[in-house]
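Q: Predicted structure and sequence below. I'll ask about it afterward.
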Amino acid sequence: MDKQYQKENKINVLFSKRPIEAKEKELVLYEDYTGWNNFGFRIRCKFEIGKLHSYDSFKSDILFGFLYIQKDDSLQIARKYTSLSSIFLENDITLSKKDIPDFFTMLPSMQAYRKLVSHYGVKQANIILLQINDVVVKKQKSKYSDWLKKVTQTKVFKLGFMRNSEPFFAYHNAESILNGLKEEKFDNISKRLYLSFKLDAFSNAHKLDLKYENNSLIPKRINVLIGKNGVGKSQALKFFCRSALQYTSEKAILIDKTNSNGRPMINRLLAIGTPGETSTTFPNERIKSQKLYYRRLHLTRNGKTKATRSTVELLVQLARLDEFIGKQYRWDIFLESLGKVLDIKKIVLKLENNTYYFLEELKWNKGEQHTLELWSKLDYTTEPLFNYDDRYYPLSSGQLTFFKFALLASLYIDNGSFVLMDEPETHLHPNYISNFIDLLDFLLEKTGSFALLATHSTYLVREISREQVHVFKLDEENKINIISPRLRTFGASIDRISEFVFEDNIENRLIDKIIERISDKEFKDIDEEIGNEISLPSLMAIKRYLKKGHK
């Protein structure tokens, strides 16, 4: 970017004691008076940019801190500059950039950087960020500058800016966005996580080594926990969730084995399931205090729980969102992912006047006024329907699970998310499980995200590479062992997986029922009576039993 272009496109930066409207070619930054946070530092601010050339005005949240010079490391000295408002004298209303001490800023999330670049384009967005000393654009220009080194050593940066996961992730990943939305990278989430926790019911600790890959030929974006009931699969999800949320607990450890400080690189955490499963496995949301963006989401039909929004409400919420992941709107990601398993051209929504409207046309298809009127006329108590030759049919339970999962994930997932699910197969026919994994993997690939699932389904396991499958086994000494299967699970037969995972010889248990009734009979008589009704291996097992008995 040449200096002449930067000079011509500069804006006047002002710092205000209170919210004021920005004039043309002016940026006003002011404190967000929502209370103290981050160890006494008030870092949360807002900024507004007035009309700039052909660009409309723009508003955003921003993090703000002073690069104070201190002789020692005591907070007593630092407290002189705990907030933007601390520099204003009684009669001051606005101050110019040259009137305040050296400062630094950062947008609070990946989405905030996307919105800025989408609004202004790459060149102008970079100029704006440089003028307000944004640490991400400064890092892009010179990662090892003395200024940036001083910033990252301040308490306000370490305790404030980096306290929560979204700005932490943005600091490490938003550089690529500043080169354009299509350049956003999706490969910086933690790929090697170690989870350890101790349950009183077992003699040893559960230890999980979770490995992920973004670009392997066999998808490795999903890890699966499987085993009999009562071996701690759901507890593993629970402790993963609580540890990622940085809840204080001596029983659990979650670290990134590839980071020197061990901090997991996770942008968002989504726990998805039916109401009963999520409430017992995953903790409640603490929107105001949680350090990681976390949502506990329910796959349920309309009206099942008071707290759950209807499907149509969620669809309108998604359609209203003017948000990107990479260069794609969330709405487009939803339609594309749903199209992997359902014919979206046939899905309609019911209106209050008993007419129907196609799902694909829900977002600004015929202009803003028409769309707003349409949204107000939707029947929010109904579920989506299939339209076949102008006759309308409800989605099956499995199809609705697909629909709701794609909808919720597209609403809340972002670059670098972890998706946790407890027994996702609950409402799916075995034939649908392959489609569900295909849908999930597509969303993970689109957003640079990973998933951790607990399951009883061997149908699900055969969709996953054995390195990503963790079998929970309990030995005679009440010791839990978590191992990878010896067999190659990807595409393996259900019987082989089941036998290894559950040590499950269903055939033998069924044979035992027959053996109780045949000890006094000859094999040829048994063969004549039931030989055409049971499998050949079962018949041979009965023959072996009778030979042993006769001896």
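A: That came through, no problem.

Q: show me where the stretch 451-551 of the chain has helices.
A: Taking DSSP state H, counting those that start in this stretch as the criterion, the stretch 451-551 of the chain contains helices spanning 458-461, 494-502, 506-515, 523-530, 536-550.

Q: Please identify the buried residues of stretch 424-442?
A: 424-428, 432-433, 435-437, 439-442 (16 or more other C-beta atoms under 10 Å). To be clear about C-beta, it is placed using only N, CA and C from the backbone, and glycine gets the same treatment.

Q: Comparing the helices of the stretch 451-551 of the chain, which comes out most buried?
A: helix 458-461 (a mean of 24; mean count of other C-beta atoms under 10 Å).

Q: Show me what it is packed up against.
A: Packing partners of helix 458-461 (3 or more C-beta pairs under 8 Å, 6 or more residues apart in numbering; DSSP states H and E): strand 222-227, helix 430-447, helix 494-502.

Q: is it possible to export those to a markdown table including distance to Asn133 and mean pLDDT?
A: Output for the helices and strands packed on helix 458-461, formatted as a markdown table (distance: least, C-beta to C-beta, whole Å; pLDDT from 0 to 100):
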| stretch | distance to Asn133 | mean pLDDT |
| --- | --- | --- |
| strand 222-227 | 40 | 94 |
| helix 430-447 | 30 | 92 |
| helix 494-502 | 55 | 75 |
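
Q: Tell me which of the ones you listed lies nearest to Tyr380.
A: In terms of C-beta to C-beta, the element of those nearest to Tyr380 is helix 430-447, at 25.0 Å.

Q: Who is the most centrally placed residue in the chain paired with across the strands?
A: Nearest to the geometric centre of the chain sits Ser417, at 3.3 Å (C-alpha atoms, centre = their mean). Beta bridges link Ser417 to Arg268 when assigned by DSSP bridges.

Q: Renumber starting at 561 from here on
A: Taking 561 as the first residue, the last one we looked at is Ser977.

Q: so how far is Lys742 from it?
A: 20 Å (C-beta to C-beta, to the nearest Å).

Q: Would you tell me which of the helices and strands packed on helix 1018-1021 gets closest to Gly833?
A: Nearest of the helices and strands packed on helix 1018-1021 (C-beta to C-beta): helix 990-1007, 13.1 Å.

Q: other SSEs contacting that closest one?
A: Short answer (3+ C-beta pairs under 8 Å, 6+ apart): helix 990-1007 packs on strand 782-787, helix 890-898, helix 957-972, strand 977-982, strand 1010-1015, helix 1018-1021.

Q: mean confidence score for the shortest one?
A: In this model, helix 1018-1021 carries a mean pLDDT of 88.

Q: One more: the longest one?
A: Model confidence over helix 957-972 averages 94 on the pLDDT scale.

Q: And that helix, what does it pack against?
A: strand 828-833, strand 853-858, helix 871-880, helix 890-898, helix 990-1007.

Q: List the contacts of the third one.
A: Going back to what we said before, that points to helix 871-880. Helix 871-880 is contacted from outside by 862, 869, 890-891, 894, 909, 919, 922-924, 931, 935, 938-940, 942-944, 963-964, 967-968, 970-971, using C-beta atoms under 8 Å, 6 or more residues apart in numbering.

Q: one step back: please convert the helices and strands packed on helix 957-972 to JSON lines, extending it with distance to Asp760.
A: Listed next are the helices and strands packed on helix 957-972 as JSON lines, based on distance: least, C-beta to C-beta, whole Å:
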{"stretch": "strand 828-833", "distance to Asp760": "24"}
{"stretch": "strand 853-858", "distance to Asp760": "25"}
{"stretch": "helix 871-880", "distance to Asp760": "39"}
{"stretch": "helix 890-898", "distance to Asp760": "41"}
{"stretch": "helix 990-1007", "distance to Asp760": "33"}
